[in-house]
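Q: Predicted model and sequence follow; I will ask about them next.
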There are 2 protein chains.
Amino acid sequence: MEIKVLENVLKVNEELAKRNRDFFKKKNIYSINIMSSPGAGKTSLIVETLKRIMKDTKAAVIVGDYTGKIDAKRIGKLKIPTLQIETASCHLDANMLSQALKNIDLEKINLLFIENVGNLICPAEYELGVNKNVVILSTPEGSDKPLKYPLMFFISDVLIINKIDLLGSLDFNIDEVKNTILKLNPKIKIFTMSCKTGEGIDNWTTWIKSELKM
Amino acid sequence: MEIKVLENVLKVNEELAKRNRDFFKKKNIYSINIMSSPGAGKTSLIVETLKRIMKDTKAAVIVGDYTGKIDAKRIGKLKIPTLQIETASCHLDANMLSQALKNIDLEKINLLFIENVGNLICPAEYELGVNKNVVILSTPEGSDKPLKYPLMFFISDVLIINKIDLLGSLDFNIDEVKNTILKLNPKIKIFTMSCKTGEGIDNWTTWIKSELKM
């Protein structure tokens, strides 16, 4: 019974995701959904990206968290429109996103970052209707994660390997991870970076600008 | 509707967890449920613990993973009875555990480790009926995690702060984390360790032995 209900929920979600997609297209908003384990660097990625491109874009951020406002406060310091959703569940869904969109002045933005709940499983099952799904894998999590959470790496358009500043202290094998992921998802675009030192972030921001046709 | 179904599911789960608890008591098996984010070190903790106490105990391991058998293969090398459950969902539940128990020769064991699915949210909602719930927080995940996933830290009996070998490269503040957690859950027992270097593991294994009245 539980499975049947879940199927219905996912079907309704898919419909709502399609509506979000049409809506973003109509409003000319480029939307990026960022997913990862807790602590892999979703908020840091958004903050460091905005620091580099906020002058040239009109960005807003929607942050999904199980509870609390810690991430929204960090991002809000940049004076970018930021909205926190307290999900009380393990993922954002298309309905939560469409409700949140009603609280942002969409005429004033062309770029939307969505920070999903820290979880490598459920967010992969709930499509939001965004332009790009991005998954962050941080080096301390280990090279085996793509094989253990394949759906997440399969549905993502972009993989960011973060925390490369820690590589010297870890057994993480970047080439092994890239090979594994490209077998699962040959079209995925891969960036390696450290949001702490800034190494590699420019390749990613250059790519976002090219997506925005800047 | 979704919420009502979930309430029913959780209620049934609670009943089954109670049965598991009675069962463990009857069979004289001490059971430990280990939870964390992906890559925080659940498998490493089990492997390093067993290396130190397997001669003195009769242990078995049940491993829950969304998919695959990577963790069970790592643990199985120790020649300890190991059973993998592929959950295809974001948590283990009491029913999955009771089904798995049918496949282990319980007369021969007195200690059971259960490795839950890598996720800080859902496993906290599904009680298993074990003696102790253990959560691992690894230092690269950041000091803010207890505030963002409070239920997990609230329902756990033991907190293991892992990967302390990386402290020199991170902004992680152990005292801040301990203070935050002790406010949420004053009774929680805290161990700090590195499963990589071995530092601090002995305090944890000594505690397990005392729990087993050895």
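A: Noted; the coordinates are in hand.
Q: Find the nearest non-adjacent residue to residue A:92, please.
A: Leaving aside its sequence neighbours, residue A:92 sits nearest to residue A:64 (C-beta to C-beta, 6 or more residues apart in numbering or on different chains; 4.1 Å). (C-beta placed from N, C-alpha, C; glycine too.)
Q: close enough to count as contact, the one you found and residue A:115?
A: Yes - contact criterion C-beta atoms under 8 Å: residue A:64 and residue A:115 qualify, at 6.2 Å.
Q: Could you check which of these two is surrounded by more residues?
A: Using other C-beta atoms under 10 Å in any protein chain shown as the criterion, residue A:64 and residue A:115 rank with residue A:64 on top: 30 against 26.
Q: ok now do the more buried one, which residues does it touch?
A: Residue A:64 makes contacts with A:85, A:87, A:91-92, A:96, A:114-117, as judged by C-beta atoms under 8 Å, 6 or more residues apart in numbering or on different chains.
Q: again, 6 Å this time
A: Counting by C-beta atoms under 6 Å, 6 or more residues apart in numbering or on different chains, residue A:64 touches A:85, A:87, A:92, A:116-117.
Q: Any regions of chain A where pLDDT drops low?
A: Applying pLDDT under 70 to chain A flags residues A:1-6.
Q: how about the residues of it near chain B?
A: Residues of chain A that fall close to chain B, judged by C-beta under 6 Å from any C-beta of the partner chain: A:2, A:5, A:9, A:37-39, A:65-66, A:68, A:70, A:90, A:119-122, A:140-142, A:144-145, A:147-149, A:166, A:169.
Q: give me that answer again for 7 Å
A: A:2, A:5, A:9, A:37-39, A:65-68, A:70, A:90, A:118-122, A:138, A:140-142, A:144-145, A:147-150, A:163, A:166, A:169 (C-beta under 7 Å from any C-beta of the partner chain).
Q: List the buried residues of the longest helix along chain A.
A: If you go by DSSP state H, chain A has its longest helix at helix A:2-27. By neighbour count on 16 or more other C-beta atoms under 10 Å in any protein chain shown, the buried set for helix A:2-27 is A:9, A:13, A:16-17, A:20-21, A:23-24.
Q: Distance to residue B:159 added to those, as a markdown table?
A: Shown next, in a markdown table, are those (distance: C-beta to C-beta, whole Å):
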| residue | distance to residue B:159 |
| --- | --- |
| A:9 | 33 |
| A:13 | 34 |
| A:16 | 38 |
| A:17 | 37 |
| A:20 | 39 |
| A:21 | 42 |
| A:23 | 43 |
| A:24 | 41 |
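Q: Contacts only, for residue A:65.
A: A:71, A:84, A:86-87, A:117, B:148 (C-beta atoms under 7 Å, 6 or more residues apart in numbering or on different chains).
Q: Backbone dihedrals for it, both of them.
A: phi -140, psi 150 (degrees, to the nearest 10).
Q: Quick check: beta-bridge partners of it?
A: Note on residue A:65: beta-bridge partners by DSSP bridges are residue A:86.
Q: nearest to chain B, of the buried residues of helix A:2-27?
A: Taking C-beta to the nearest C-beta as the measure, chain B lies nearest residue A:9 of these, at 5.8 Å.
Q: From residue A:138, how far out is the closest one?
A: 30 Å (C-beta to C-beta, to the nearest Å).
Q: following the longest helix of chain A, which helix or strand shows up next?
A: Next along the chain after helix A:2-27, taking DSSP states H and E as the criterion, comes strand A:30-36.
Q: circling back: JSON lines for the contacts of residue A:65, including neighbour count and distance to residue A:54?
A: JSON lines is the format used below for these (neighbours: other C-beta atoms under 10 Å in any protein chain shown; distance: C-beta to C-beta, whole Å):
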{"residue": "A:71", "neighbour count": "23", "distance to residue A:54": "17"}
{"residue": "A:84", "neighbour count": "20", "distance to residue A:54": "19"}
{"residue": "A:86", "neighbour count": "14", "distance to residue A:54": "25"}
{"residue": "A:87", "neighbour count": "17", "distance to residue A:54": "26"}
{"residue": "A:117", "neighbour count": "26", "distance to residue A:54": "24"}
{"residue": "B:148", "neighbour count": "23", "distance to residue A:54": "25"}
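Q: And the buried ones among the residues of chain A next to chain B, selectable in ChimeraX?
A: Filtering the residues of chain A next to chain B down to the buried ones (16+ other C-beta under 10 Å) takes a single ChimeraX command:
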select /A:9,37,38,39,65,66,70,90,118,119,120,121,122,138,140,141,142,144,145,147,148,149,150,163,166,169
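Q: Strands of chain A, start to end?
A: Along chain A, the segments classed as strands by DSSP state E run A:30-36, A:59-65, A:82-86, A:111-115, A:132-138, A:158-162, A:189-192.
Q: list the contacts for residue A:63?
A: Taking C-beta under 7 Å, 6+ apart as the test, what residue A:63 contacts is A:71-72, A:75, A:82, A:84-85, A:115.
Q: sorry, back to before: which one of the contacts of residue A:64 is nearest chain B?
A: Nearest to chain B among these, with distances taken as C-beta to the nearest C-beta, is residue A:117, at 7.2 Å.
Q: Tell me who's in contact with that closest one.
A: Residue A:117 neighbours (C-beta under 7 Å, 6+ apart): A:64-66, A:87, A:90-92, A:123.
Q: try residue A:190
A: When contacts are counted by C-beta under 7 Å, 6+ apart, residue A:190 touches A:159, A:161, A:178.
Q: if we go to 6 Å?
A: Contact analysis of residue A:190 by C-beta under 6 Å, 6+ apart lists residue A:159.
Q: quick one on the thing from earlier: just send the contacts of residue A:64 back as CSV, with distance to residue B:109 too.
A: Below are the contacts of residue A:64 laid out as CSV (distance: C-beta to C-beta, whole Å):
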residue, distance to residue B:109
A:85, 44
A:87, 39
A:92, 41
A:116, 40
A:117, 36
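Q: center of chain A - which residue?
A: residue A:34 (0.5 Å; C-alpha atoms, centre = their mean).
Q: ok, that one touching residue A:115?
A: Yes - assessed by C-beta atoms under 6 Å, residue A:34 is found in contact with residue A:115 at 5.4 Å.
Q: Return every residue with contacts to both of these two.
A: By C-beta under 6 Å, 6+ apart, residue A:34 and residue A:115 have these common neighbours: residue A:42.
Q: Tell me which residues of stretch A:42-50 come out buried.
A: For stretch A:42-50, a neighbour-count test (16+ other C-beta under 10 Å) marks A:42-50 as buried.
Q: Sorry, wrong one. I was asking about stretch A:188-198.
A: Applying a neighbour-count criterion of 16+ other C-beta under 10 Å, one finds A:188, A:191-196 buried in stretch A:188-198.
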